[in-house]
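Engineer: Below is the sequence, then the predicted model.
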Amino acid sequence: MSQPSFLNRQGLHLRPDPARVIVRPFKPATEPRDLNPTDKMRANHIVERVLALNSEAVAAQLADVLDNFEGRHRNLLERFEARADDMEDAFATHGIFSKAQRQLIGAYFLSEYSFEASALFNPSIVPHPDQSGSPEGGKRFILSLRAIGEGHVSSLTFRTGTIAADGSLTVDPTARLASVPRISHRASGPDGDRVELTFRPEEDLSERVIFPVTESQSNGIEDARFVQFSDGDRKTYYATYTAYSGRAIRSELIETSDFVSFRLAPLRGAAAHNKGMALFPRKIGGSYAMIARQDNENLYLVYSDDLSTWEGGRALLKPQFPWEFVQIGNCGSPIELDEGWLLLTHGVGPIRKYSIGAALLDKHDPSRVLARSSEPLLRPEPSEREGYVPNVVYTCGAMRHNDQIILPYAVSDTFSSFATIRISALMDAMRR
């Protein structure tokens with residue numbers, strides 16, 4: 001079927017770049033308390049071999065490592081020392097170390113990781129907290145993306161860009177380097193770890209990578225749905241995401257005001273045991289509200305008095321049209337329009353083909369569905385059908401700009417692109 005007349009695909013593609021790398025702990029050099037006896041012995045053998053080198057050999061080896069890798073990362077010596085601090089238990093039986101020995105040992109317990117070597121997809125978009133330099137009638141934005149590298153581990157990365165008054169988009173060049181944040185605070189609780197992460201303010205936003213840092217996230221931080229949340233004059237950015245441990249999934253929450261410091265915490269309650277939660281951008285009737293998927297088939301509306309606990313909920317949307325007979329899910333936080341809440345949805349049809357549709361919810365009572373698209377707004381075109389997961393278009397969040405919806409979307413779980421939608425024409429089509 002032909003593309004709707006109100007949707008315009010942009011000739012802008014964001015593809016994975018295997019040259020973008022971070023450094024991360026190298027096994028068996030995870031936290032020593034987590035090592036099995038064989039790995040602990042192996043870690044001690046590495047330490048012993050370094051200590052057997054004389055000071056000149058240590059200095060030469062450290063200089064060689066820096067010469068080989070310095071241009072690929074920031075503050076490598078600092079990273080080496082931080083990694084050595086992590087390995088303090090392995091040092092306990094070895095006496096006193098020189099600073100150079102500690103740095104060299106730290107280097108042996110790190111590895112480079114190409115975090116977006118395989119895919120760069122499932123984007124969401126929000127207004128940039130700093131709108132200085134925006135063009136007249138335009139807006140700066142932040143794009144979050146799910147990146148996948150070796151071992152199919154998902155992390156969270158960012159881009160910035162500009163929307164012109166007419167809705168045309170540009171994405172800023174990506175920083176050459178990439179970095180992971182410092183864990184500034186960690187607190188363990190019955191539901192899992194809560195962590196605070198801090199990047200250096202001087203790092204470009206595209207340089208910042210949120211890589212799994214807790215057990216529940218160990219195999220991936222997936223599909224972050226960012227939204228700019230308004231509470232009076234205060235604006236905060238939240239994102240729900242799926243934490244994947246390799247055995248189980250659950251929904252967790254990111255909070256930030258500046259995209260420099262981030263707080264990550266698990267969500268509690270029966271409604272948070274599945275994936276695909278999306279927060280409304282403001283309270284409804286004094287309560288927080290989420291669109292959630294609880295049964296792998298339908299969408300639910302859930303309310304909560306706080307941001308942490310989500311119970312119950314009522315069915316809101318069920319598969320109705322052939323392109324969504326298998327299941328439906330949300331495609332990001334609802335967007336507030338004069339006409340109501342615009343909820344983008346995904347539907348799964350024959351041959352597991354994913355398409356993007358929409359529903360319009362009542363502004364005061366979102367449990368009332370006012371209109372719904374009987375045909376997809378966006379479906380894979382012939383040029384978009386091939387990739388890691390064929391026949392999929394998907395988004396984790398769009399935003400309104402003037403009279404248009406700016407829709408970033410992923411193509412076959414491989415790369416990302418953009419489309420724009422004229423709001424008035426979409427409303428007319430949904431009502432028909």
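Structural biologist: Cool, got the structure.

Engineer: Isn't A270 up against V302?
Structural biologist: No. Contact criterion Cβ atoms under 8 Å: A270 and V302 do not qualify, at 9.5 Å. In short, each C-beta sits where N, CA and C put it, glycine included.

Engineer: quick one, what contacts the residue lying closest to A187 once chain neighbours are set aside?
Structural biologist: Excluding the flanking residues, the one nearest A187 by Cβ to Cβ, 6 or more residues apart in numbering is R194, at 4.9 Å. Residues near R194 by Cβ atoms under 8 Å, 6 or more residues apart in numbering: R186, A187, R263, L264, A265, P266.

Engineer: Kindly report the same for M290.
Structural biologist: By Cβ under 8 Å, 6+ apart, the contact set of M290 is T240, A271, M277, A278, L279, F280, L301, V302, Y303, S304, W310, G313.

Engineer: ok so it is a helix residue?
Structural biologist: No. Under DSSP: H, G, I helix; E, B strand; the rest coil, M290 falls outside any helix and is assigned strand.

Engineer: bridging residues for it?
Structural biologist: L279, V302 (DSSP bridges).

Engineer: okay, it: pLDDT?
Structural biologist: We have a pLDDT of 97 for M290.

Engineer: ok, H13 touching S417?
Structural biologist: Yes. In this structure, H13 is within contact of S417 by Cβ under 8 Å, at 5.2 Å.

Engineer: between the two, which one's more packed in?
Structural biologist: Just comparing H13 and S417: by other Cβ atoms under 10 Å the higher neighbour count belongs to S417, 20 against 12.

Engineer: looking at the contacts of R194, which has the most residues close by?
Structural biologist: Highest count within the contacts of R194 by other Cβ under 10 Å belongs to L264, 26 neighbours.

Engineer: Summarise which helices and strands the one helix or strand in the chain whose mean pLDDT sits lowest is packed against.
Structural biologist: One helix or strand of the chain scores below all others by mean pLDDT, DSSP states H and E: helix 88-91, with a mean of 72. Applying 3 or more Cβ pairs under 8 Å, 6 or more residues apart in numbering; DSSP states H and E, one finds that helix 88-91 contacts helix 37-51.

Engineer: Next secondary structure after the helix it packs on?
Structural biologist: Of the helices and strands lying after helix 37-51 in sequence (DSSP states H and E), the nearest is helix 55-69.

Engineer: buried sites along that next one?
Structural biologist: By neighbour count on 16 or more other Cβ atoms under 10 Å, the buried set for helix 55-69 is V58, Q61, L62, V65, F69.

Engineer: What of stretch 396-409?
Structural biologist: Neighbour-count burial for stretch 396-409 [16+ other Cβ under 10 Å]: C396, G397, A398, M399, R400, H401, Q404, I405, I406, L407, P408, Y409.

Engineer: quick one: low-confidence parts of the stretch 1-150 of the chain?
Structural biologist: Counting by pLDDT under 70, the stretch 1-150 of the chain has low-confidence residues at 1-2, 28-40, 90.

Engineer: make it 80
Structural biologist: For the stretch 1-150 of the chain, the stretches with pLDDT under 80 are 1-3, 27-42, 88-95.

Engineer: Closest to P380 out of the contacts of M290?
Structural biologist: Using Cβ to Cβ, A278 is the member of the contacts of M290 that sits closest to P380, with 22.3 Å.

Engineer: From I328, how far off is the closest one?
Structural biologist: A278 is 13 Å from I328, where distance means Cβ to Cβ, to the nearest Å.

Engineer: Please apply the same query to V227.
Structural biologist: From V227 to I328 the distance is 20 Å (Cβ to Cβ).

Engineer: Could you list the domains of this protein?
Structural biologist: In the assignment given by automatic domain parsing, the structural domains of the chain cover 7-19+114-431, 23-113.

Engineer: about what we covered before: of the contacts of M290, grab the buried ones for ChimeraX.
Structural biologist: Applied in ChimeraX, the following selects the buried portion of those according to 16+ other Cβ under 10 Å:
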select :240,271,277,278,279,280,301,302,303,304,310,313
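
Engineer: Nearest to E386, out of the contacts of M290: which one, please.
Structural biologist: A278 (28.3 Å).

Engineer: so that closest one sits right up against N330, yeah?
Structural biologist: Yes. Between A278 and N330 there is a contact under Cβ under 8 Å: 4.7 Å.

Engineer: and for the two, which residues touch both?
Structural biologist: With Cβ under 8 Å, 6+ apart as the test, A278 and N330 both reach R225, I291, A292.

Engineer: Quick check: which of the domains of the chain is buried the most?
Structural biologist: Mean neighbours per residue, mean count of other Cβ atoms under 10 Å, is largest over these for domain 7-19+114-431, with a mean of 19.

Engineer: returning to that earlier point: include distance to S179 when you put the shared contacts of A278 and N330 into TSV, please.
Structural biologist: Conversion of the shared contacts of A278 and N330 to TSV gives the following (distance: Cβ to Cβ, whole Å):
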residue	distance to S179
R225	24
I291	33
A292	33
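
Engineer: wait, which of the residues you listed is closest to R79?
Structural biologist: Nearest member of the shared contacts of A278 and N330 to R79, counting by Cβ to Cβ, is R225, at 31.1 Å.

Engineer: I'd assumed that closest one was in a helix, is it?
Structural biologist: No. Counting by three-state DSSP, R225 is not found in a helix; it is strand.

Engineer: so what's it up against?
Structural biologist: R225 makes contact with S124, A239, T240, Y241, M277, A278, L279, N330, G332, S333, C396, G397, according to Cβ under 8 Å, 6+ apart.
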